[in-house]
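In: sequence below, structure please.
(one chain, ligands or ions: 1)
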Amino acid sequence: MPAIPFPKKKVARETALEELAILERTYPHAVTALEYANEFQLLIAVILSAQCTDARVNATTPALFAKYPTPAKLAAAKQADVEQIIKSCGFFRMKARNVINCARDLVERFGGSVPRDRESLESLAGVGRKTASVVMAAAFQEAALAVDTHVFRVAHRLGLTLGKTPRQVEDDLTALQPPRKWGDTTHWLIMHGRAVCKAPTPRCAQCPVATLCPTPAIISRTLTARARSNGSAAPAARRRRAPSARKKA
Ligand code: SF4
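Out: Have a look, this model is predicted:
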């Protein structure tokens, strides 16, 4: 399948709300797939999950938290030891440095606790807006919507946003939902992106939002255009090959 362009127009607000309502019914138990026992573990797991699957992080963190169960223990860890444990998560040198420095920040500036406000969270090593949003929503039930690669892609395909940056997508999505639903909206879009609206090929035939979503029509137009261009290119290619073929004969 050729690359599918995102819709160039947003759907009407009523349509957007209906799409989100369907996703809410489809994924009633939306929670983060990361496994954690407390806010500290969630924070570290989210840092490790950058450019890595949640399943891989879940396979890694038990050994990490067995050895370093508290911010103080992780703050005192040797980087090489942490690197060894988290190696399979990718970017392990940078992530090891970040989780150790983050733990140091927690110990030195927040008494060993994870802060719950965005400004404090984003001041921690390795913590950006998305990580802070996940921790705020999942650990503290604060109103926060995190835009990862699934949220970005699915929101675009559904015509909920034309945003070019995660922040613009976040602003469009939060304008559609009351704050109490921001965290769940993140999970609906992530779960839908993983299960149905996959990259690069969405499973529109199995999608409960297909009748409202603008992307199936775009896919259809893209495939038709591709078939036409292949059809018209073939004779031209044959014409180009013909002289040398005759020469050889
Ligand atoms: S209809 Fe297709 S593109 Fe739209 S949300 Fe469903 S799977 Fe994704």
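In: now the residue nearest to Asp171 when sequence neighbours are not counted: how far from the ligand?
Out: Counting by C-beta to C-beta, 6 or more residues apart in numbering, Gly163 is the residue found nearest to Asp171 once chain neighbours are left out, at 7.1 Å. Using the backbone N, CA and C atoms, a C-beta is placed for each residue, glycine as well. Noted for Gly163: a distance of 17 Å to the ligand, by C-beta to the nearest ligand atom, to the nearest Å.
In: tell me the secondary structure of Gly163, please.
Out: Of the three states, Gly163 takes coil under DSSP: H, G, I helix; E, B strand; the rest coil.
In: isn't it up against Ala175?
Out: No: applying C-beta atoms under 8 Å, one finds Gly163 not in contact with Ala175, separated by 10.9 Å.
In: comparing these two, which residue is more hemmed in?
Out: Neighbours per residue, other C-beta atoms under 10 Å: of Gly163 and Ala175, the larger number sits with Gly163, 18 against 11.
In: and the more buried one, what does it touch?
Out: By C-beta atoms under 8 Å, 6 or more residues apart in numbering, the contact set of Gly163 is Ala155, His156, Val169, Glu170, Asp171, Asp172.
In: now restrict these to buried residues only.
Out: Among those, those classed as buried by 16 or more other C-beta atoms under 10 Å are Ala155, His156, Val169, Glu170, Asp172.
In: one step back: export the contacts of Gly163 as a markdown table, with columns for distance to Glu19 and secondary structure.
Out: Below are those laid out as a markdown table (distance: C-beta to C-beta, whole Å; DSSP: H, G, I helix; E, B strand; the rest coil):
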| residue | distance to Glu19 | secondary structure |
| --- | --- | --- |
| Ala155 | 10 | helix |
| His156 | 12 | helix |
| Val169 | 15 | helix |
| Glu170 | 17 | helix |
| Asp171 | 18 | helix |
| Asp172 | 13 | helix |
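In: got the phi and psi for the residue nearest to Val169 when sequence neighbours are not counted?
Out: Distances taken as C-beta to C-beta, 6+ apart place Gly163 nearest to Val169, at 3.9 Å, with adjacent residues excluded. Main-chain dihedrals, Gly163, degrees, to the nearest 10: phi -60, psi 140.
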